[in-house]
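1. just to be clear, the model below is a prediction. Sequence and coordinates:
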2 protein chains.
Amino acid sequence: MNRSTVPPPVTRVLDAAQAWLPRRMAAVESRLGRLTAVGGELLAAQAGSTLAAGGKRLRPMLVLVCAGDDNAEAATSAAAAIELVHMATLVHDDVLDAAPLRRGHPTVVARAGRPVATAVGDLLFSRAFAELADGEPGSERRVALLAGASVGLARGELAQRRDEFDLRIGAERYLERCRLKTASLFECACLIGLDADSPVAPALETFGREIGLAFQLLDDVLDVAGPPERTGKARGTDLLDGTVTLPLILARELDPSLGELDLKALDAEAAVAVCDRIVATGVLDRVRADARGRVDEAKRALEGAALDQQRRELLTMVAEGVVDRYS
Amino acid sequence: MNRSTVPPPVTRVLDAAQAWLPRRMAAVESRLGRLTAVGGELLAAQAGSTLAAGGKRLRPMLVLVCAGDDNAEAATSAAAAIELVHMATLVHDDVLDAAPLRRGHPTVVARAGRPVATAVGDLLFSRAFAELADGEPGSERRVALLAGASVGLARGELAQRRDEFDLRIGAERYLERCRLKTASLFECACLIGLDADSPVAPALETFGREIGLAFQLLDDVLDVAGPPERTGKARGTDLLDGTVTLPLILARELDPSLGELDLKALDAEAAVAVCDRIVATGVLDRVRADARGRVDEAKRALEGAALDQQRRELLTMVAEGVVDRYS
């Protein structure tokens, strides 16, 4: 992992863990490189660049920190598998949104077209499960956890399509979507490196779910607030895709005219103007506060759990990193 | 399973197996119904109709026949999982080809659009692995086999895209693509219900590979020969998609002007005319003979294996059914 490209909070977590975590993250990175390098030149080119485009590697880090320094081989392989599933969903999302850029790099669909990008996503997905069926003890439980999370991701995507362009959806339905689309993989990351009967599992499940939800809430704030030069995408991208998120749901109550928008008729400029109207209602602070409340809940879950001091500190830092990145 | 919609060779196999196979196929069918009914109304609607559209259920039948009447629960679940992966690839293929119909029914992409269809495919895929991680002994081996086959399917799709519209590709590259795209799931179906150290595994692997290849070769003949009212799709669909198959590869040697076609410029009518020119070279009989040779090789593999008489007979019937359907 190229440390210079890693956002500061992650670097802090790596530093705090002294030797073992950076060494293990590097092992995950090289595993990811190996898993995406084999299997035909097209995959190597496409997935290799998706991999190189980086990303925060937040999910693999959660796997390693929650697993601690035991079961190293199983945790490395689970961390890589979770990132492969995450990458697969990004590649497919970009196909659906016909997105030209992700993290400032051209997407697979932009470079190679829809058919190749769909197949690359399927391949990353398949490789994830092949990697988990690795003969280490407890492999079956890990497959079940990742498959369950993947079902959640796909159901979340379906829910998003069901709800698209529908301004009447409420906060509860929005949160259910976030739980499926985002929190399920965070939860899975926190559980997959544990033993089946680990006493810390319930606390880490709550931790994963709440920081996953906080992560998504803040992502949705960023889509409205920008700035584009930091997020790497135009403000109002969700609106243009017909994705109604919590900022708009709350703003609509304060400014009912927002509830009468025709989202399908928006162009990029009009979407930015809607973002400005959402900002003007002041709801973004409420959404940020909701996210911070969830991070606090995640940290409280750690307090009650029989975790060693180092893991508790590292997880607290990861949780704070989720908020920091957006502050 | 609605017996009246099952093609005759499959019915013959079911009859031949007397009681156990029809009962077990019905169990697979109801498992498939259950697995696609949960998970949000959209999936139930979309996957339910994909399921109802039927298909030959050739892969689940191979799982059950190869497994025999032991390990019933594991084999049922593996049979359902393989069919889910097969359905997932069909749903994604239809997205890529923007196909309006499959087996005479509207496709998921035609009914619900690309985003929903992509997510439905991902969901079917995830459910397959969730189903395999079922706690039965040997679950991990089954996950590894299905994940390996799924990697093959995606690599085959990528290879097809790499080769598309390229009239210079040869028979060897075509066969490699068929091995990945089709034979890998047939092979997996033959192995997934066996014990890890089963002495019949090598023979059944050969059997699965060869009938998978025969199946694909004959499918590619049908695309050229039709008739559309039997195949449910227009002649020359592969040509329009830029997929160069063995009939064209062989015909090009006899009629070099076929090697100078601009496939990208073909319309539906011109594609049918190209099909007529391929038929005129007489190569379809050579491709059919190649397929029959592979079915014979599949049957020879059975002869040398320590299979009980009933399994050998059933597998022979399945192999002949692959040829029969297209005779």
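-> Looks like it arrived, so ask away.
2. poorly predicted segments of chain A, please.
-> A:1-18, A:38-54, A:325-327 (pLDDT under 70).
3. domain ranges for it, per the record?
-> A:1-137, A:138-327 (automatic domain parsing).
4. which residues of the stretch 1-150 of chain A fall in helices?
-> Counting by DSSP state H, counting those that start in this stretch, the stretch 1-150 of chain A has these helices, from start to end: A:8-16, A:20-37, A:41-52, A:58-67, A:72-97, A:108-112, A:114-132, A:139-163.
5. format the ones you listed as CSV; extra columns: mean neighbour count and distance to B:Leu175.
-> In this view, the C-beta of every residue, glycine as well, is placed from N, C-alpha and C. Formatted as CSV, those follow (neighbours: other Cβ atoms under 10 Å in any protein chain shown; distance: least, Cβ to Cβ, whole Å):
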stretch, mean neighbour count, distance to B:Leu175
helix A:8-16, 17, 47
helix A:20-37, 18, 25
helix A:41-52, 19, 18
helix A:58-67, 26, 38
helix A:72-97, 24, 28
helix A:108-112, 21, 24
helix A:114-132, 27, 19
helix A:139-163, 24, 32
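6. out of those helices, which is closest to A:Gln309?
-> helix A:8-16 (11.4 Å; Cβ to Cβ).
7. what's the closest of the helices of the stretch 1-150 of chain A to B:Ala319?
-> That would be helix A:114-132 among the helices of the stretch 1-150 of chain A, by Cβ to Cβ, at 27.4 Å.
8. quick one, what contacts the residue positioned nearest the centre of chain A?
-> In chain A, the C-alpha nearest the mean C-alpha coordinate belongs to A:Thr182, at 5.6 Å (Cα atoms, centre = their mean). Counting by Cβ atoms under 8 Å, 6 or more residues apart in numbering or on different chains, A:Thr182 makes contact with A:156, A:212-213, A:215-216, A:219.
9. neighbour-wise, which of those residues leads?
-> A:Gly212 (28 neighbours; other Cβ atoms under 10 Å in any protein chain shown).
10. please name the nearest non-neighbouring residue to whichever residue of the stretch 201-327 of chain A sits closest to chain B.
-> Closest to chain B within the stretch 201-327 of chain A is A:Asp241: 9.4 Å, counting by Cβ to the nearest Cβ. In this structure, A:Asp241 finds its nearest non-sequential neighbour in A:Asp97, 5.8 Å apart by Cβ to Cβ, 6 or more residues apart in numbering or on different chains.
11. that neighbour reaches A:Gly242, doesn't it?
-> No - using Cβ atoms under 8 Å, A:Asp97 is not in contact with A:Gly242; the gap is 10.4 Å.
12. residues of stretch A:195-202 that come out buried?
-> A:198, A:200-201 (16 or more other Cβ atoms under 10 Å in any protein chain shown).
13. any part of it near chain B?
-> No - for stretch A:195-202, no contact with chain B is found by Cβ under 8 Å from any Cβ of the partner chain; the gap never falls below 11.1 Å.
14. now do that stretch: distance to the chain's middle.
-> For stretch A:195-202, the distance from its own C-alpha centre to the chain's C-alpha centre is 23 Å (Cα atoms, centre = their mean, to the nearest Å).
15. okay, buried residues for the strand or helix carrying A:Val318 please.
-> Using DSSP states H and E, A:Val318 sits in helix A:309-324. By 16+ other Cβ under 10 Å, the buried positions in helix A:309-324 come out as A:310-323.
16. and which of the residues you listed is nearest A:Leu84?
-> Once Cβ to Cβ is applied, the member of these that ends up nearest A:Leu84 is A:Val318, at 20.3 Å.
17. what residues does the stretch 101-250 of chain A put near chain B?
-> When proximity is defined as Cβ under 8 Å from any Cβ, the stretch 101-250 of chain A approaches chain B at A:113-116, A:118-123, A:125-127, A:129-130, A:132-133, A:135, A:139-141, A:143-144, A:146-148, A:150-151, A:153-155, A:157-159, A:161-162.
18. before we move on, back to that, need the buried residues of helix A:309-324 in JSON lines (columns: distance to chain B).
-> Formatted as JSON lines, the buried residues of helix A:309-324 follow (distance: Cβ to the nearest Cβ, whole Å):
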{"residue": "A:Gln310", "distance to chain B": "31"}
{"residue": "A:Arg311", "distance to chain B": "27"}
{"residue": "A:Arg312", "distance to chain B": "30"}
{"residue": "A:Glu313", "distance to chain B": "33"}
{"residue": "A:Leu314", "distance to chain B": "29"}
{"residue": "A:Leu315", "distance to chain B": "27"}
{"residue": "A:Thr316", "distance to chain B": "32"}
{"residue": "A:Met317", "distance to chain B": "31"}
{"residue": "A:Val318", "distance to chain B": "26"}
{"residue": "A:Ala319", "distance to chain B": "27"}
{"residue": "A:Glu320", "distance to chain B": "32"}
{"residue": "A:Gly321", "distance to chain B": "28"}
{"residue": "A:Val322", "distance to chain B": "25"}
{"residue": "A:Val323", "distance to chain B": "30"}
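19. taking those, tell me the two that lie furthest apart.
-> The widest separation within these (Cβ to Cβ) is 21.2 Å, between A:Gln310 and A:Val323.
20. elements contacting the helix or strand hosting A:Pro247?
-> Per DSSP H and E, A:Pro247 falls inside helix A:246-254. Judged by 3 or more Cβ pairs under 8 Å, 6 or more residues apart in numbering or on different chains; DSSP states H and E, helix A:246-254 is in contact with helix A:171-178, helix A:201-225, helix A:268-280, helix A:283-303.
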